[in-house]
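> predicted model and sequence below, questions to follow.
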Amino acid sequence: MALTDITASAVVQAIEEFDRRGRDAFLETHGFGRARRYLLEHDGKFYDSKAIAGVAHGYLAGQEVLESGEFSGGEGHAVSVLRDLGFRVVDEPDGRP
């Protein structure tokens, strides 16, 4: 399976995990850095879009979290996948809303 196979449900599960752990623990646990540009906005909160997409992949049956180096977080990859699933991704050059 590829990043393009993630579902909206898996993204929500990753968001819920992010909320439970907190940003720093979530990113550290899964080996991601803070977003440099794109943030996923969900229910008035902002999330590191690439990390959410990679962790969402791990919520698919029989799949593992994608590592940061396995895919791009930009417009042509994680951002477009998240937007195609109906999520709002904002372009914040400094990685903060």
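Cool, got the structure. From a predicted model like this one, the values you see are computed outputs, not experimental measurements.
> let me see the ranges of the strands in the chain.
With DSSP state E as the criterion, the chain has strands at 38-42, 45-48, 88-91.
> which of those sits closest to Ala8?
Nearest of the strands of the chain to Ala8, taken as C-beta to C-beta: strand 38-42 at 10.6 Å. C-betas here are computed from N, CA, C, even on glycine.
> got the buried residues for the closest one?
Applying a neighbour-count criterion of 16 or more other C-beta atoms under 10 Å, one finds 38-40, 42 buried in strand 38-42.
> where do the helices sit along the chain?
Taking DSSP state H, the helices of the chain run over residues 8-21, 23-30, 49-58, 80-84.
> and Gly69, which of those helices is closest to it?
With C-beta to C-beta as the measure, helix 49-58 is the member of these nearest Gly69 (10.0 Å).
> and the contacts of the closest one?
Applying C-beta atoms under 8 Å, 6 or more residues apart in numbering, the set of residues contacting helix 49-58 from outside is 1, 3, 5-7, 10-11, 13-15, 17-18, 26-27, 30, 32, 35, 38-40, 63-68, 70-73, 78-79, 81-82, 89.
> can you check stretch 82-96 too?
6-8, 11, 34-42, 46, 48-49, 52-53, 79, 97.
> now do the buried residues in that stretch.
Applying 16+ other C-beta under 10 Å to stretch 82-96 flags 82, 85, 87, 89 as buried.
> may I have that stretch as CSV, with CA atoms only?
What follows is stretch 82-96, C-alpha atoms only, in CSV (Å, rounded to 0.1, in the frame of the first residue of the first chain):
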residue,chain,number,x,y,z
LEU,A,82,-5.0,15.0,2.4
ARG,A,83,-6.8,17.6,0.4
ASP,A,84,-8.3,14.9,-1.8
LEU,A,85,-9.7,13.3,1.3
GLY,A,86,-11.5,16.5,2.2
PHE,A,87,-9.1,17.9,4.7
ARG,A,88,-7.9,21.6,4.8
VAL,A,89,-4.2,22.0,4.5
VAL,A,90,-2.8,25.5,4.8
ASP,A,91,0.5,26.9,3.5
GLU,A,92,2.3,28.5,6.4
PRO,A,93,5.9,29.2,5.3
ASP,A,94,7.2,29.2,8.9
GLY,A,95,5.2,26.1,9.9
ARG,A,96,3.0,28.0,12.3
